[in-house]
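Enquirer: Build the 3D model from these lines:
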Amino acid sequence: MIHATPEEIHDHAYGFRPSDHVGSCAACRSAADAVAAEREALKDALREDPREVPAEILARLGSAGPARRRFGVPAVAAAALLLGVLAWILFQPKIAVVPPALPAAATPEEDLERLVAQLRSPSPLKQELARLAFRKYGGTAIPALERAGADPVLIDECRGFNDADRDAYRKAQTTRMTFRAKDSPLTEAIDHLRVAGGLNLHITGVSSPEAIRVTLDLEDASILEVLDRLSRATNFPWGRSAGLDPRSPPLRPAAYAPVFYFGAATAPPASFAPVRVPADPSWIAGLLRDPQSMAPEEARRRIRGLIPGVHDALWLLLDSSRADIRELAADALRQAYGPPTEPPRSPLVVELDERKMLVDRETTPIPDILVSMFSSKGIAVVLDPRVPIDHRPVTFKVRDLPLKNTLKLLISQFDLDFVVCDGWLLVTTFDLAPYRPRSPQPMWVAPEEAKRIEGWIADLASDDPTRQRRAREAAKAGGRGGLDWLVHASTLTEPPLSKRYGETFRAVAEELGIRLADQPAAAEHQALTPAQRAIRSRRLQLRSTDKTLEALLKENGVKARFDSAAPGPVVVAGGDLPVDGLLRAVLHPQGLDYFMDGETVVVDTAAKARAAAEPK
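Expert: Predicted coordinates:
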């Protein structure tokens, strides 16, 4: 299709010369709407409130005598008065320009149409940011880009194809060959095509491919044509791999090589949309109205706060008269549409990644292997007390693997995993693992899921108890995913709504029996003496596969009283685990907690321990 020229779009938007084509073409109509919006913004920017001349000046003007042919004293006085009025008008303080209205929270479809306008902007920066945004949307963006007649390379990237994929496809298009197969096995035909084309070509999803016979006679055919004919002859599809990682475009996986599959179609592109949470518009409007009204550090903090919500105001801030605001907005958009940020690695995580391990054990139960692995390593490991201890002997031999990989290999045999907690490792199952709240960053999910979550957030924000109850039930049904969107909402919302989201989060987590990673003990809320703090922070050297918590505390000289029992043996090993860490690791999974009574550790249910620890 031939689209309208920029001049035709301009004339249509301003009403000079309406165009039937622009009115009927979605892409051209979208471009005209963008021009019209810019026109209205310009009109608003140029429009100032009408100025009233002071009443006394008008009265004096009205009382001036009739015009005279000669300039007498009254005429001179009238002229002086007129000049005074003009001077008063000209030298009034400059009125701040009213900026365009803030856009409402956009649906993915509206956001993509706005991004098309940014892609057509004369600004290279806006074009760069728009391309980054489209890649993040992935397959969601393809219809809007196709309607707009966008760059095919960008559309390819939204499908997940990178430069290597395009090169391989171009080679399959242009490589010509003679292909003859007479009642040949499919495996032989594909092998011949792979060698002749010099491409990675594999059979997948086809049962007994050697038993499938093909007959084909083609001359001067491209590899794509041969694949198409083989597909029709066998009723099996063919497809391609995609080299872009949909979770963090446009990053490429290491050592990626494009693959053509016979027997499986190309997977549909991954589609995403952000979960948006409304932001307080007052400061944004104020900054747009008067760019000098906010100090640089405050502007930096506020603009960074818009990143997790992928707020549309960031695009408006790109046009600020302040260079630092433009730079902050551009950086924020790169983070909003870029790869997810990884939290900094703790020293414990670094050690797990870098320390190598040698294990050579035969017919040994897993608890004993765990204890032997960590007894001399300075890293504490605790087996979740809710996980049954399996004493089946296993043989486990590993050399020169990182400690993290060694531990995963060992415990994965029993469907276990581990979680890095506050200074120690907890070996547990996926369902029992403590929950670590997501860091404040954009939440990109499938488009339909984004709409549902935004609806639940709006339900929880409403004053309707029925809607609030519906949101809580949705969060509970979502499990850990429900906790994720509650955390996302609470980090982007001002009080009192953020408090409501936080309270709902804690209530849902408690109902689901999901404890929080690094949750402090009840004793943390007490006004402790230096001696009590010293007891909690004492570092212990531990090694146990069969001792109870009470016995471990006693043998390490820690006074304890158990008002609620903590039954069962404790599997724990390692050095430098504080008393507080041992207690939290063993008690919290069982719904227990502790507080301090003098120099005695008192163990009780979580509710009773919290009540006892609250300041009186």
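Enquirer: Can you check the pLDDT for E40?
Expert: Confidence at E40, expressed as pLDDT, is 51.
Enquirer: Let me fix that, I meant to ask about R47.
Expert: pLDDT recorded at R47 is 38.
Enquirer: Next: W238.
Expert: Note on W238: pLDDT of 97.
Enquirer: Please apply the same query to S121.
Expert: Looking at S121, its pLDDT stands at 94.
Enquirer: Do I have it right that it meets Q127?
Expert: Yes: at 6.2 Å, S121 counts as touching Q127 under the criterion of Cβ atoms under 8 Å. The way it works is simple: take the backbone N, C-alpha and C, and place the C-beta from them, glycine included.
Enquirer: Roughly how far does E524 sit from R584?
Expert: Separation of E524 from R584 (Cβ to Cβ, to the nearest Å): 10 Å.
Enquirer: out of the two, which sits in the busier spot?
Expert: For E524 versus R584, neighbours defined as other Cβ atoms under 10 Å are more numerous around R584 (27 against 14).
Enquirer: State the helix or strand in which the more buried one lies.
Expert: Using DSSP states H and E, R584 sits within helix 579-587.
Enquirer: Export the helix or strand containing D459 to PDB, keeping only CA atoms.
Expert: Secondary structure assigned from DSSP H and E places D459 in helix 447-461. These are the backbone C-alpha positions of helix 447-461, laid out as PDB (Å, rounded to 0.1, in the frame of the first residue of the first chain):
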ATOM      1  CA  PRO A 447      -0.900  -9.000  27.800                       C
ATOM      2  CA  GLU A 448      -4.100 -10.600  29.100                       C
ATOM      3  CA  GLU A 449      -2.500 -11.300  32.400                       C
ATOM      4  CA  ALA A 450      -1.400  -7.600  32.700                       C
ATOM      5  CA  LYS A 451      -5.000  -6.500  32.200                       C
ATOM      6  CA  ARG A 452      -6.300  -8.900  34.800                       C
ATOM      7  CA  ILE A 453      -3.700  -7.800  37.400                       C
ATOM      8  CA  GLU A 454      -4.300  -4.100  36.700                       C
ATOM      9  CA  GLY A 455      -8.000  -4.900  37.300                       C
ATOM     10  CA  TRP A 456      -7.300  -6.500  40.600                       C
ATOM     11  CA  ILE A 457      -5.100  -3.600  41.700                       C
ATOM     12  CA  ALA A 458      -7.900  -1.300  40.800                       C
ATOM     13  CA  ASP A 459     -10.400  -3.500  42.800                       C
ATOM     14  CA  LEU A 460      -8.100  -3.400  45.900                       C
ATOM     15  CA  ALA A 461      -7.800   0.400  45.600                       C
END
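Enquirer: mean confidence for that helix?
Expert: Confidence for helix 447-461, expressed as mean pLDDT, is 94.
Enquirer: Identify all contacting residues around that helix.
Expert: Identification of contacts with helix 447-461 by Cβ atoms under 8 Å, 6 or more residues apart in numbering yields 107-108, 140, 271-277, 443-445, 467-468, 470-472, 474-475, 485, 489, 493, 497, 500-501, 504.
Enquirer: got the buried residues for it?
Expert: Neighbour counts over helix 447-461 (16 or more other Cβ atoms under 10 Å) mark 447, 449-450, 452-454, 456-457, 459-461 as buried.
Enquirer: Repeat that for stretch 600-616.
Expert: Of the residues in stretch 600-616, those buried (16+ other Cβ under 10 Å) are 601-604, 606, 608-609, 612-613.
Enquirer: repeat for stretch 337-354
Expert: Quick answer for stretch 337-354 (16+ other Cβ under 10 Å): 337-338, 348, 351-352.
Enquirer: and the residues you listed as JSON lines, adding pLDDT?
Expert: Converted to JSON lines, those look like this (pLDDT from 0 to 100):
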{"residue": "Y337", "pLDDT": "93"}
{"residue": "G338", "pLDDT": "90"}
{"residue": "L348", "pLDDT": "88"}
{"residue": "E351", "pLDDT": "89"}
{"residue": "L352", "pLDDT": "90"}
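Enquirer: Among the residues you listed, which lie within helices?
Expert: With helices taken from DSSP state H, the overlap with the buried residues of stretch 337-354 comprises 337, 348, 351-352.
Enquirer: Between all of those, which two are separated the most?
Expert: Farthest pair in these (Cβ to Cβ) is Y337 and E351. Separation: 34.0 Å.
Enquirer: Any idea how many residues pack against A521?
Expert: 23.
Enquirer: pretty sure it is in contact with A585, am I right?
Expert: No: with contact defined as Cβ under 8 Å, A521 and A585 do not form a contacting pair (10.7 Å).
Enquirer: from the buried residues of helix 447-461, which single one is nearest T429?
Expert: E449 (25.6 Å).
Enquirer: Under the pLDDT cut-off, which ranges of the stretch 151-300 of the chain? List them.
Expert: The stretch 151-300 of the chain contains residues with pLDDT under 70 at 245-254.
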